[in-house]
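K.L.:
Predicted structure and sequence below. I'll ask about it afterward.
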There are 4 protein chains.
Amino acid sequence: MTDGQDVADWWRTRIIDMEPGRIHLRGRPVQELIGTTGFAEMIWLMVMGEEIAGDRARLFEAALVAAVDHGPQAPSIAAARMAATCGVGLQAAMATGLNMLGDVHGGAGEQAVALYRAVERAGPEGLAAALDAWRAEHGPFLPGFGHRYHKPVDPRAPRLLALVDAAAEQGAVPGAYAEIGRAIERHLAAERGKPVPMNIDGATAVIYAELGCPPPLARGFFGLSRSVGLLAHAWEQMEQGGRNKGPTPPGYRWTYDGD
Amino acid sequence: MTDGQDVADWWRTRIIDMEPGRIHLRGRPVQELIGTTGFAEMIWLMVMGEEIAGDRARLFEAALVAAVDHGPQAPSIAAARMAATCGVGLQAAMATGLNMLGDVHGGAGEQAVALYRAVERAGPEGLAAALDAWRAEHGPFLPGFGHRYHKPVDPRAPRLLALVDAAAEQGAVPGAYAEIGRAIERHLAAERGKPVPMNIDGATAVIYAELGCPPPLARGFFGLSRSVGLLAHAWEQMEQGGRNKGPTPPGYRWTYDGD
Amino acid sequence: MTDGQDVADWWRTRIIDMEPGRIHLRGRPVQELIGTTGFAEMIWLMVMGEEIAGDRARLFEAALVAAVDHGPQAPSIAAARMAATCGVGLQAAMATGLNMLGDVHGGAGEQAVALYRAVERAGPEGLAAALDAWRAEHGPFLPGFGHRYHKPVDPRAPRLLALVDAAAEQGAVPGAYAEIGRAIERHLAAERGKPVPMNIDGATAVIYAELGCPPPLARGFFGLSRSVGLLAHAWEQMEQGGRNKGPTPPGYRWTYDGD
Amino acid sequence: MTDGQDVADWWRTRIIDMEPGRIHLRGRPVQELIGTTGFAEMIWLMVMGEEIAGDRARLFEAALVAAVDHGPQAPSIAAARMAATCGVGLQAAMATGLNMLGDVHGGAGEQAVALYRAVERAGPEGLAAALDAWRAEHGPFLPGFGHRYHKPVDPRAPRLLALVDAAAEQGAVPGAYAEIGRAIERHLAAERGKPVPMNIDGATAVIYAELGCPPPLARGFFGLSRSVGLLAHAWEQMEQGGRNKGPTPPGYRWTYDGD
């Protein structure tokens, strides 16, 4: 009935240790964390397994705050609102939207961190080659640059970058990735003859790279951030009411393009 | 093709207002919120539509921090870890666990807020009758009291209640719901001849009730909080590796209880 | 470390029994079922634990076929299509839509089975009282009757009912629930002075009630049926392409109705 | 407010055409399909846009029947059962499990179809080179061959292959992919000195390849098939009862492997 592996050993974790009446999270008694630790700091502690404080904590918090919402035209937000009219609980409406944050909708931050690291490995002289190599593998668009809606500039990006600059000046983060991001901006501007500035994903990716996050966590943290918007919109929709709310009013219809 | 309703009007929100280059969240430019607003404060602003600060903000943050994780024996956490071994993205692993926070797994906080309000409406003399009425409708167990694992006491609850007391002393919250929770504790202790103390759900429900949350948001906020643990565990599992990890080691099996 | 319960016993099932090289489903070797059993029959066997054949099987199959799709204006179908543009796998796009089939979007069939049974228990003389009682508990609308889009009649319902009549004539099903459904139709027509005919949910509920399904399985079977449309639409959308497809074209926007 | 794209045109489909009182699926009135079309045939029609009949339909049906369940040790099935104890609806329990059928858990069939096509393009002389190329890109294990539990052989595979052979003899399918699968089996047996036979994924992939499915639909159809087991197990668990059922009994615990 067993291959010799203990069932208790099937699940191993460094995150939590528990006995009746006792919960340690990342080695610290939960009651010492409650009331002394900010939510952003707690997120970092739980996921990264280390403490974050000072300017680094403020940068992380800024990235979480910046990405909470982009309105009901984002598929995830719209889906959470639709779900909220279908007779499911708030957690299901949130999960429905969160589940949509795939490679395209929520993955640009993760990809941008990976891009920045590839550019870093290529060194200052290797920027153009690194971007060419990226495009050969992933296609023409660089994740984190340009925005189909916010022209000329995504208002969240300059603010986030200013915070990175200030933190770098204090020595809290290296600042190297902000520079890489701007080098890519300059390259793209020269290439296309017009500005293609960092967007929210490019700017939060700078922060996550500065803080030392593995790329997939850029997507994970984005998921935590956007979940705030998912909850806000699902709840607003529940209070507005509506039943089985589709993408457009019932009178509108789609195009049948069969024969 | 239309029933006369404008498509633009099909989606209405007070949460976000946007034009190219401009994003306002709850009436405030996003770039003013980034770097000045904590993540917990931002959650409250987005979901409740109003600012939270001072002791009230600290209470809310404490509730968010307290509920992030209860280990891989919780179905939601285990499911997120399982999903992480099935070849899906972090967001899908998180959504899988979040989607499990239903009436039983994540709903106790919501139910406890509703219970406290029912007790409040009944007045000090009406406690026993209010509890009887609750049980007649919902069954014998009162949400938020007792714990099948943490005996004698869930270590998160006393800490959360101490923070409520301190905030009430400062006049930041009324303190009425902490008193209601303790009155229920006394009633249960007398009834059963042993302590049945508030658990994490009962204590966070005190906070949410003190802050004026509608009951369903106690569940929504719990979902945001627990998503932190879901991300931490899904990521840890991804780094541990494993493929198609079921509940027990492959050699173990279930019981067939057919004929 | 244990409360004395065997881990193997934690999961008990009558559905499947397995050893290396041997899989029995509902007591039958899987290799005997493959190639001899229709998919609809297999669904019934797995879920209900008994075989279905002949006219009963055809009725069940008809109910499954009838509900596969209602177009991209249904929130579930639209959400699956949106998800398909967000960089997630087909299974995630399907799960996203399936997860929306809650009490309102996918629950009418379940509710209609429950309604029919309530009317049955009330007996022929008790119809009006039974409907009054239902409305007092659940609100003014009777699940399974009327359609906001298909006027005068949902084309699926009469066809399904004709199949029930034919099966009842052969003695394959009692026919009692078809009669109950029609009695409710007559009552509603008299009450409102216009026809309020059974819709797809009302008609499939007749079938599920005739076949002896517990009400929640009417929702479960609807989920299996609608999953076909979810897969078809998600796949069609993937082939059409598109990135982060929201409910309306990017140029459209929602209404901000804050101050 | 618009970029000139008609909202109605934002959603285009060849799957369904609808007006009040009229539903056409793949160009056929729904009422003509109900009662005349099997569920498996309907699935093919909806997803592939063409009819399937005779031996081809029976093969497709066999693939759907074969993959419905692999017991509560599969993460998807266990997760659906866990979810069923958390106070969510059947559709959410099903979606929770379906959402886990990612690249690893549900993707082997899709990968095996792609592998067979790569081998086909390489031609009979190119088998070894094609397998080497596959492994160089995807790792050492070939999708669809061998089974960690069913030794010596997965009982579903030989039965499915026998059906393919019979259909090929009748000229209903080419039979080329069954031969490719067997050529891979021979190659693996010579390479490892022991049989590494096709498993359920390898055998259903033969069927999907013989029928002309694009690889991603092998995963989509697997999702429809496994959803049957998800529903059966979620429902069985609901009837068994249980609250917040984790992977192992409450007394068991996981291993903390921090410091």
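P.N.:
Cool, the structure landed. Bear in mind the structure is a predicted one, so any value in this text is a computation, not a measurement.
K.L.:
and stretch A:131-139, how far out from the chain's middle?
P.N.:
The chain centroid and the centroid of stretch A:131-139 are separated by 22 Å, computed with Cα atoms, centre = their mean, to the nearest Å.
K.L.:
Pull the contacting residues for A:Ala183.
P.N.:
Going by Cβ atoms under 8 Å, 6 or more residues apart in numbering or on different chains, A:Ala183 touches A:Val119, A:Pro124, A:Leu127. All C-beta spots, glycine's among them, are computed from the backbone N, C-alpha and C.
K.L.:
let's see 7 Å
P.N.:
A:Ala183 makes contact with A:Leu127, according to Cβ atoms under 7 Å, 6 or more residues apart in numbering or on different chains.
K.L.:
Also the one 5 residues further on?
P.N.:
With contacts taken as Cβ under 7 Å, 6+ apart, A:Leu188 has the following neighbours: A:Phe145, A:Val196.
K.L.:
How about residues contacting stretch A:52-69?
P.N.:
A:40-41, A:44, A:77, A:156, A:160, A:163-164, A:167, A:170, A:172-173, A:200, A:204, A:207-208, A:210-211, A:221-222, A:224-226, A:228-229, A:232, B:15-16, B:25, B:30, B:33-35, B:37-39, B:42, B:46.
K.L.:
can you map out the strands along chain A?
P.N.:
Using DSSP state E, the strands found in chain A span residues A:12-13, A:16-19, A:22-25, A:28-29, A:255-256.
K.L.:
Mind checking those for the one nearest to D:Pro249?
P.N.:
Among the strands of chain A, strand A:16-19 comes nearest to D:Pro249, with 15.2 Å by Cβ to Cβ.
K.L.:
Could you check how far the closest residue to chain C within the stretch 151-259 of chain A is from C:Ser227?
P.N.:
Proximity of the stretch 151-259 of chain A to chain C (Cβ to the nearest Cβ) peaks at A:Pro247, 3.3 Å away. A:Pro247 sits 20 Å away from C:Ser227, taking Cβ to Cβ, to the nearest Å as the criterion.
K.L.:
gap between the residue in the stretch 151-259 of chain A that chain B sits nearest to and B:Trp10?
P.N.:
Per Cβ to the nearest Cβ, the residue of the stretch 151-259 of chain A with the smallest distance to chain B is A:Gly251, at 3.2 Å. Distance of A:Gly251 to B:Trp10, given as Cβ to Cβ: 10 Å.
K.L.:
neighbour count winner among those two?
P.N.:
Neighbour tally, A:Gly251 and B:Trp10, criterion other Cβ atoms under 10 Å in any protein chain shown: the higher count belongs to B:Trp10, 22 against 13.
K.L.:
which ones are touching the spatially most central residue of chain A?
P.N.:
Per Cα atoms, centre = their mean, the C-alpha nearest to the average position across chain A is that of A:Phe222, at 2.0 Å. By Cβ under 7 Å, 6+ apart, A:Phe222 lies in contact with A:Ala67, A:Leu101, A:Gly106, A:Gly109.
K.L.:
give me the number of residues near the second one?
P.N.:
For A:Leu101, the tally of surrounding residues (other Cβ under 10 Å) stands at 31.
K.L.:
so who does the spatially closest residue to it that is not a sequence neighbour touch?
P.N.:
Setting aside the residues directly before and after it, A:Leu101 is nearest to B:Gln91 in space (Cβ to Cβ, 6 or more residues apart in numbering or on different chains), at 4.1 Å. B:Gln91 is in contact with A:Leu98, A:Asn99, A:Leu101, A:Gly102, A:Gly106, A:Arg219, A:Gly223, counting by Cβ under 7 Å, 6+ apart.
K.L.:
biggest helix in chain A, by residue count?
P.N.:
helix A:215-240 (DSSP state H).
K.L.:
ok so, going back, for chain C, find the nearest of the strands of chain A.
P.N.:
Nearest to chain C, of the strands of chain A and by Cβ to the nearest Cβ, is strand A:255-256 at 9.2 Å.
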